[in-house]
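S.K.: okay, predicted coordinates and the sequence, questions at the end:
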Amino acid sequence: TITSPANNPSNAPIYYTTDGSTPSINSSIYTGAFVANTSMVIQAAVITPYGQASSATATYINIDPTTSGITTSNLALWLKADFGVTQSSNIVSGWQDLSGNNFNFYQATSSIAPSFINSDSNLNNKPALNFNVNQLLTASKAAPGLFW
């Protein structure tokens with residue numbers, strides 16, 4: 001169940017999307033808790049009647065039946081190739097951390113970006129990211145206890 005933040009001092013409407021796009025006045029208005037039955041990226045922003053918008057906040061909802069029973073508390077980082085990857089023509093520009101800690105990874109230069117593989121027979125036909133020698137992603141912030 002998705003609920004609203006407790007403080008909205010301006011009491012302006014909260015607009016949201018469930019496809020990862022930035023909310024606008026044409027997006028859905030949050031009116032109460034709703035159920036997320038599938039994996040999604042929810043973006044929300046407060047937009048005043050004068051059109052002034054707050055920064056959008058993203059929440060990643062990952063519903064994956066293959067991970068039921070796996071403890072996800074206290075994770076420092078959780079990257080999945082089948083959810084949270086931003087790519088165009090198989091060139092990866094972003095990879096979202098699903099742990100809730102927002103240790104996201106980005107690459108704006110396509111010539112050094114990893115490639116997205118939709119199905120890899122070496123990995124039970126699961127998606128993967130392929131990093132060659134000079135390909136990399138940059139972390140959005142330092143993750144305590146993570147070394148590479």
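M.R.: Perfect, I can see it now. Computed from a prediction, not measured in an experiment: that's the story for all the values here.
S.K.: where do the strands of the protein begin and end?
M.R.: 14-17, 28-29, 40-46, 57-61, 85-88, 91-95, 105-106, 115-120, 126-130, 138-139 (DSSP state E).
S.K.: quick one, which of these is nearest to W78?
M.R.: Comparing the strands of the chain by their distance to W78 (Cβ to Cβ), the top pick is strand 57-61, with 9.6 Å. Backbone N, C-alpha and C define where each C-beta goes, glycine included.
S.K.: what is the mean pLDDT for that closest one?
M.R.: The average pLDDT for strand 57-61 rounds to 75.
S.K.: what angle sits between that strand and strand 40-46?
M.R.: Here strand 57-61 runs at an angle of 160 degrees relative to strand 40-46 (axes from the mean of the first three to the mean of the last three Cα atoms, to 10 degrees).
S.K.: list the buried residues in strand 57-61.
M.R.: When burial is assessed from 16 or more other Cβ atoms under 10 Å, strand 57-61 yields the following buried residues: Y60.
S.K.: returning to that earlier point: ok, of the strands of the chain, where does mean pLDDT dip lowest?
M.R.: For the strands of the chain, where the average pLDDT is lowest is strand 57-61, sitting at a mean of 75.
S.K.: what's it in contact with?
M.R.: 2, 20, 36, 39-45, 83-84, 96, 98 (Cβ atoms under 8 Å, 6 or more residues apart in numbering).
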